[in-house]
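Asks: Quick one, fold the following:
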Amino acid sequence: MAAQSAEQVSLAAVPMVAVLALGAGPGQIGLLHTVQSLPFLLLAIPLGLLADRQSRRRLMVVAESLRALSLAALLLGTTTGQLSLLLLGLLGFIGAAGTVGFSVAAPALVPALVPRGALGVANSRLELARSIAYAGGPALAGALVGWAGGGLAFALATGLSLAAVALLVRLPEPARTPAPARHPWLELKEGAAQAWQHRLLRPILLTAVAWNLSWFVLQAAYVPYAMRSLGLDAQAVGFTLAAYGVGMVLGALAAPRILGALPFGTVVVLGPLCSVLAMATMAASLLWPAGALAGASFFLFGAGPILWTISSTTLRQTVTPPALLGRVSAIFLTVNMGARPLGAALGAAVGAQWGAGACLLLALAGFGLQALVIIASPVRTLAALPAHAA
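Replies: Take a look at the predicted model:
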């Protein structure tokens, strides 16, 4: 939770500081998101290959240490008055590189720590911790930026990241049989085949791509839209973003019961459907400008898609052989998160040309597409979790 909290505080603080201190608009915020998302596209595959070869715990330690260094540099740049959009983008890129390493290794390590029957519960608890970070991080960042500027927010994020490094060092990791030496290209092809050719994994991958594209079109426009069209200050923007985390917390708490009460495929579909409702609520603020609609939208974005994250991650961990988990996780991360800079760049272009309202309508169309993809797939018909891959 410390690592996730550090990430969320900094992610919320950076665009606020960019708007308030540097006068950034939708186009510039979109470019910042693009630069900060590029490591997911460029580094996930190499780090996924490394995760299947080396200690996954060690990779997480190194990755979080890199993020802590980038946050400390942001703090230094803020306190010395040397902050610029270029520096925000560069340090955001470095910090995101650490996030990529952490995100590739963590889901590959979890199945080695818990039995198959407990995977759903374990993922629910991990997502609950992440949800608490999403709930508290943006609101805290907004309050700190509004009260004392970005320096205090970056100081808190740096401290949380360093605490995460200290905890990760003590994390146990079961020994793994060393994999035979093979050409990296062959290993990548093996992981890609598992991700793309599996009848249950491919629709999950495509749905997540459409979701991430749409989400980052929204992200490129939201902060300037909220401040300029909805009349929200930094603290109010932070609270609307925090509603996302509140929804995630409630969704994660309810997830074990929902997974036990409904067919597995139905649970997977709930998240994409809820995303459509959430984006429609945000788009309604174009007609009725109100911060409450924005907050309700982010709440729905948290409550529904967290069920998607828990159920789809559990499905991926179940149908993927353990020796492939690092590579398959990396491929999912590359494709899904790699869609983010494309979405952010698209949002930046649309926002600069036609304004934030056009971004909201484009995002609504994208969320509708991702719901159609998963509804039409065989995942929807699953009554229970499939058998575990050997």
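
Asks: in the stretch 1-150 of the chain, which segments are predicted with low confidence?
Replies: Along the stretch 1-150 of the chain, segments meeting pLDDT under 70 span 1-6, 8, 21-23, 26, 116-117, 130-131, 134-139, 146-150.

Asks: where along it do the helices fall?
Replies: 2-22, 26-51, 56-79, 85-113, 119-148, 150-169 (DSSP state H, counting those that start in this stretch).

Asks: Out of the ones you listed, which is closest to residue 333?
Replies: Among these, helix 26-51 comes nearest to residue 333, with 4.2 Å by C-beta to C-beta. (Each C-beta comes from the backbone N, C-alpha and C, glycine too.)

Asks: so what does that closest one touch, helix or strand wise?
Replies: helix 2-22, helix 56-79, helix 85-113, helix 184-197, helix 201-228, helix 325-354 (3 or more C-beta pairs under 8 Å, 6 or more residues apart in numbering; DSSP states H and E).

Asks: got TSV for these, with mean neighbour count too?
Replies: Below are those laid out as TSV (neighbours: other C-beta atoms under 10 Å):
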stretch	mean neighbour count
helix 2-22	24
helix 56-79	22
helix 85-113	21
helix 184-197	15
helix 201-228	24
helix 325-354	23
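
Asks: Correct me if wrong: residue 57 contacts residue 109.
Replies: Yes - in this structure, residue 57 is within contact of residue 109 by C-beta atoms under 8 Å, at 6.7 Å.

Asks: and for the two, which residues touch both?
Replies: Taking C-beta atoms under 8 Å, 6 or more residues apart in numbering as the contact rule, the neighbours common to residue 57 and residue 109 are residue 173.

Asks: Tell me which stretches of the stretch 251-390 of the chain form helices.
Replies: 264-284, 291-303, 305-319, 325-354, 356-375.

Asks: Pick out the shakiest of those helices, pLDDT-wise.
Replies: Of all the helices of the stretch 251-390 of the chain, mean pLDDT reaches its minimum on helix 325-354 (a mean of 78).

Asks: picking that back up, any chance of the helices of the stretch 1-150 of the chain in a markdown table with distance to residue 375 as columns?
Replies: A markdown table is the format used below for those (distance: least, C-beta to C-beta, whole Å):
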| stretch | distance to residue 375 |
| --- | --- |
| helix 2-22 | 30 |
| helix 26-51 | 26 |
| helix 56-79 | 34 |
| helix 85-113 | 25 |
| helix 119-148 | 22 |
| helix 150-169 | 38 |
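
Asks: Can you say which of these is nearest to residue 266?
Replies: helix 119-148 (14.4 Å).

Asks: check contacts around the most centrally placed residue in the chain.
Replies: Nearest to the geometric centre of the chain sits residue 337, at 7.7 Å (C-alpha atoms, centre = their mean). Counting by C-beta under 8 Å, 6+ apart, residue 337 touches 37, 40, 41, 44, 100, 103, 212.

Asks: do you know how far it is from residue 316?
Replies: 15 Å (C-beta to C-beta, to the nearest Å).

Asks: Thanks again, I'm all set now.
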